[in-house]
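[1] Give me coordinates for this.
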Amino acid sequence: MTAPTPAVVEGAQFITVFYGQDESVILNLNCSARHLCDHLANLLDIATSSQLDLASERGRLSDLTSVGDMETQATTLLKSRTCYVPVLITQALSTKQLHQFDDALSVSGGVSRPSSSRSVSSRKSSRRGTTQSGHDDSKDNFEMKTYYQVWIEGSALQAKFPAFELTQRTGTKIKKNYIKKL
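    Now for the predicted structure:
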């Protein structure tokens, strides 16, 4: 006896996730968002603590990990009988900021052990770009940038979803320099 297809099962709520090099898996939405994300992380061989999201056929992110309660049913967050692509979301310094950070360390001579607590506070304030009074004079503060890695090979993505353009759930387009592909 063969298993029934998702379209035949009465009331079943399934999605298809395309990933890797033209691979796919059918997932049941009758579970918590946490369970769905953990299962996908295991399938993709990444840490379950990773911030993983799903993008629709047109590239709109579902914001699975920004849900306040990860125990929320996946059926309330995702549309059944729809295709999705996994997207790994990471926070990191930009390449330019990494170079600036390295330059700042080389100019200051790197990190060394201070001789007194007074020198620690002055060194910390100079690294942050603050004056002795504690006001921020620097416009070059280092901040984390959000990067998105689409977990499907580029040609497979274009073949399956030609209109795919990664966007936030709000519809805001994500700049291409923040998107990485397999």
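
[2] Could you list which residues are in contact with residue 168?
    Counting by CB atoms under 8 Å, 6 or more residues apart in numbering, residue 168 touches 60, 61, 63, 174. Any C-beta I mention is one placed from the backbone N, CA and C, and that applies to glycine too.

[3] got a markdown table for these, with distance to residue 29 too?
    Formatted as a markdown table, those follow (distance: CB to CB, whole Å):
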| residue | distance to residue 29 |
| --- | --- |
| 60 | 17 |
| 61 | 17 |
| 63 | 16 |
| 174 | 25 |
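
[4] Low-confidence bits of this protein, can you list those?
    1-11, 67-69, 94-142 (pLDDT under 70).

[5] counting contacts, what elements does the longest strand seen in it pack onto?
    With secondary structure taken from DSSP state E, the chain has its longest strand at strand 83-92. Applying 3 or more CB pairs under 8 Å, 6 or more residues apart in numbering; DSSP states H and E, we find strand 83-92 packed against strand 14-19, helix 33-44, strand 51-56, strand 145-150.

[6] Can you tell me the strand partners of the last one and which way each runs?
    If you go by DSSP bridges, strand 145-150 pairs up with strand 83-92 (antiparallel), strand 179-181 (parallel).
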